[in-house]
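Engineer: The sequence isn't on hand, but the structure is:
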């Protein structure tokens with residue numbers, strides 16, 4: 001339940017408390033609320049600003065400030081690795097007190113759960129970022145330990161029946177039923193998370209759901225490895241040692257295993273008789289097929305126990321699309337439009353175009369590009385990005401740059417740390433971390449703290465970092481995520497920013513990419529690193545032609561994968577091979593067969609019936625661009641409409657937010673038209 005609200009795509013969060021009503025509530029939780037407000041931080045520090053271009057094009061250097069460390073992200077506990085232990089202890093103590101208050105029905109359970117989630121996620125999201133980005137092994141290890149410790153603690157909270165029953169009881173009260181719509185939505189979001197964990201079932205059924213969920217996570221991990229060609233995936237063959245030895249003699253000694261009988265799955269062992277498999281188990285492809293079937297059976301059983309027709313129906317219940325039926329309608333219509341275009345691209349060589357998009361350009365020096373992006377953000381949204389040198393200990397690497405975000409009225413809105421350059425210890429190519437989600441309640445503001453990570457080449461003597469078109473595209477994408485977090489004005493941090501369904505979370509970031517395609521914007525944000533001239537129109541047009549090369553074929557390939565994802569999570573796995581072959585025969589343009597695609601499709605383990613989301617968000621972004629920005633890409637009025645939509649986070653149904661932004665109902669046909677028109681326009685560039 002609480003774990004579902006973690007932020008990192010992934011898939012999460014919570015905030016400081018307002019306690020309502022009776023005197024016993026105030027007495028019982030006053031100290032808890034005060035403790036929670038320790039998390040209300042994120043303040044602009046009064047230091048000399050520098051231009052954004054100067055900040056990013058300058059050579060890396062240590063902080064120009066002197067004095068004691070302020071701690072990572074200006075969190076005083078994180079002046080040293082052991083501070084993560086202190087944060088874990090503080091969060092554990094706060095959550096334990098809140099758990100007791102909810103169980104005793106002493107408080108506003110929605111608010112208290114939100115506070116618990118906030119306390120946990122403040123530590124978990126910071127730990128996730130630090131363990132992936134910090135160059136210090138000690139800090140990474142401390143962050144890893146904190147992440148695991150609170151992860152185990154959250155597992156206990158997720159299976160706490162007193163927590164679930166306390167929420168249900170509170171939701172039956174007049175106080176909850178008469179609450180504002182955002183509070184009601186937050187309550188139902190938490191309750192849905194408990195439902196997914198099986199907490200609304202009997203004790204026996206709950207235990208079964210949780211066992212299946214745990215097993216499914218394990219199998220998903222090993223399938224992901226096997227699907228990428230990693231033989232470690234063979235470690236999770238769900239059969240006893242004796243059966244394995246009979247079918248494939250000698251294999252036992254060749255694979256990682258634990259215990260004398262191997263990794264035996266008591267739920268589905270009977271499904272995997274090895275007599276007919278024999279030596280096929282020696283191949284990664286064979287293991288991935290078995291693991292895929294096992295994973296899908298477990299997921300289907302999970303959904304069935306909760307009363308859902310399929311795992312896809314369970315997963316998509318709270319999505320923007322709303323149901324597998326809508327998703328399949330979207331994918332089917334999209335394939336019908338794309339397939340003829342993709343067929344015409346089958347014999348074309350797109351390698352040259354891809355090379356052009358990946359080639360560093362003299363018109364994309366990092367510093368001036370970031371300054372240009374900041375200007376676009378100001379023109380659209382009325383907010384300014386201001387570069388400030390980090391204080392001692394605030395950043396984890398000398399390359400990290402700090403950007404404060406202020407609106408035109410001078411109100412400090414949040415902080416963005418940018419970690420731009422590659423280094424051996426970095427765990428991501430490009431990523432957005434919501435280290436602290438924002439919220440606004442009773443005059444208190446918890447300001448967002450965001451980290452954007454890239455993997456660029458650092459500047460050399462006399463030459464700044466030069467981005468490729470693809471790099472610039474990625475910077476805009478991640479900045480779109482950052483703005484979604486920064487603009488948040490929800491009352492609950494659990495509903496803030498990107499903590500929303502993935503088929504809405506990727507919309508703002510995808511929309512931001514499109515500004516680079518419009519030459520009216522590109523000429524403002526590109527500058528030759530020597531002459532300071534903007535990118536010529538003909539150079540920009542050439543890049544757009546490269547962007548469109550093979551576009552229909554690439555999109556159709558993703559449509560097929562998204563269709564397979566839906567199919568795999570909607571059908572009996574025994575029917576999957578024949579159904580997948582038929583699907584690929586109809587839509588796959590003669591490419592690899594259905595089961596081969598599924599066995600090598602690692603994303604099916606992580607996206608779990610949501611792989612369509614990027615196509616959906618791309619379509620939605622193209623539609624929004626057409627209706628809001630095509631006439632004037634720097635329209636402040638259109639920008640303010642978008643800013644308001646993003647400020648709602650997940651406090652309103654995402655479909656309602658989108659239709660409010662567009663000012664008309666959203667239709668599958670309009671989404672499909674937007675994609676087809678986009679491909680045609682790129683071919684004409």
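Structural biologist: Received it, and whenever you're ready, just let me know what you need. Being a predicted model, the structure only gives us computed values, none of them experimental. Numbering: from 1, shown residues only.
Engineer: For residue 179, give me phi and psi.
Structural biologist: Per-residue torsions, residue 179: phi -70, psi 170 (degrees, to the nearest 10).
Engineer: Which parts of the protein are strands?
Structural biologist: 360-365, 383-388, 401-407, 412-421, 431-436, 439-441, 444-446, 449-456, 466-468 (DSSP state E).
Engineer: And for residue 409, the neighbour number?
Structural biologist: 7 (other CB atoms under 10 Å). C-beta here means a position set from N, CA and C on the backbone, and glycine is covered the same way.
Engineer: give me phi/psi at it?
Structural biologist: Here residue 409 shows phi and psi, under degrees, to the nearest 10, equal to phi -90, psi 0.
Engineer: just to revisit the earlier point, for residue 120, find the nearest of the strands of the chain.
Structural biologist: When the strands of the chain are compared by CB to CB, strand 431-436 sits nearest residue 120, at 12.5 Å.
Engineer: Run through who's touching the closest one.
Structural biologist: 7-8, 39, 41-42, 73, 122, 125-126, 128-129, 132, 446-453, 478, 481-482, 485, 496-499, 509 (CB atoms under 8 Å, 6 or more residues apart in numbering).
Engineer: mind checking which of the strands of the chain is nearest residue 663?
Structural biologist: Judging the strands of the chain by CB to CB, what sits closest to residue 663 is strand 383-388, at 23.2 Å.
Engineer: give me the number of residues near the residue nearest to residue 660 when sequence neighbours are not counted?
Structural biologist: In space, and not counting its chain neighbours, residue 660 is closest to residue 645: 6.5 Å by CB to CB, 6 or more residues apart in numbering. Here the number of neighbours of residue 645 (other CB under 10 Å) works out to 23.
Engineer: can you pull the contacts of residue 645?
Structural biologist: 657, 658, 660, 661.
Engineer: Adding pLDDT, neighbour count and distance to residue 357, write those out as JSON lines.
Structural biologist: Below are the contacts of residue 645 laid out as JSON lines (pLDDT from 0 to 100; neighbours: other CB atoms under 10 Å; distance: CB to CB, whole Å):
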{"residue": "657", "pLDDT": "98", "neighbour count": "22", "distance to residue 357": "32"}
{"residue": "658", "pLDDT": "98", "neighbour count": "18", "distance to residue 357": "29"}
{"residue": "660", "pLDDT": "98", "neighbour count": "14", "distance to residue 357": "35"}
{"residue": "661", "pLDDT": "98", "neighbour count": "21", "distance to residue 357": "30"}
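Engineer: Kindly indicate which of the residues you listed lies nearest residue 377.
Structural biologist: Looking across those and measuring by CB to CB, the closest to residue 377 is residue 661, at 17.7 Å.
Engineer: can you pull the contacts of the closest one?
Structural biologist: 624, 628, 641, 642, 645.
Engineer: right, and the first one touches residue 662 too?
Structural biologist: Yes: between residue 624 and residue 662 there is a contact under CB atoms under 8 Å: 6.7 Å.
Engineer: Looking at the two, which one has more neighbours?
Structural biologist: Neighbours per residue, other CB under 10 Å: of residue 624 and residue 662, the larger number sits with residue 624, 24 against 18.
Engineer: gap between the more buried one and residue 319?
Structural biologist: For residue 624, the distance to residue 319 equals 18 Å [CB to CB, to the nearest Å].
Engineer: Likewise for residue 434?
Structural biologist: The value you get for residue 434 to residue 319, if CB to CB is used, is 20 Å.
Engineer: the more surrounded of the two?
Structural biologist: The residue with more neighbours, out of residue 434 and residue 319, is residue 434; 30 against 23, by other CB under 10 Å.
Engineer: Please name the bridge partners of the more buried one.
Structural biologist: Judged by DSSP bridges, the bridge partners of residue 434 are residue 450.
Engineer: can you check the one 10 residues further on too?
Structural biologist: Beta-bridge pairing of residue 444 under DSSP bridges involves residue 441.
Engineer: Near it, how many other residues are there?
Structural biologist: With other CB under 10 Å as criterion, residue 444 counts 13.
Engineer: show me the contacts for residue 137.
Structural biologist: residue 425.
Engineer: Could you rerun that using 7 Å?
Structural biologist: The contact partners of residue 137, by CB atoms under 7 Å, 6 or more residues apart in numbering, come to none.
Engineer: ditto for residue 658
Structural biologist: With CB under 7 Å, 6+ apart, residue 658 has these contacts: 320, 620, 666.
Engineer: can you do 10 Å?
Structural biologist: By CB atoms under 10 Å, 6 or more residues apart in numbering, the contact set of residue 658 is 320, 504, 507, 620, 623, 624, 645, 665, 666.
Engineer: Number of residues surrounding the third one?
Structural biologist: Other residues within reach of residue 507, judged by other CB under 10 Å, total 28.
Engineer: Would you agree it is in contact with residue 615?
Structural biologist: No: Residue 507 lies out of contact with residue 615 (CB atoms under 10 Å); the separation is 11.8 Å.
Engineer: Low-confidence bits of the stretch 451-600 of the chain, can you list those?
Structural biologist: For the stretch 451-600 of the chain, applying pLDDT under 70 flags the ranges 589-594.
Engineer: Let me fix that, I meant to ask about the stretch 1-150 of the chain.
Structural biologist: The stretch 1-150 of the chain contains residues with pLDDT under 70 at 1-48, 60-66.
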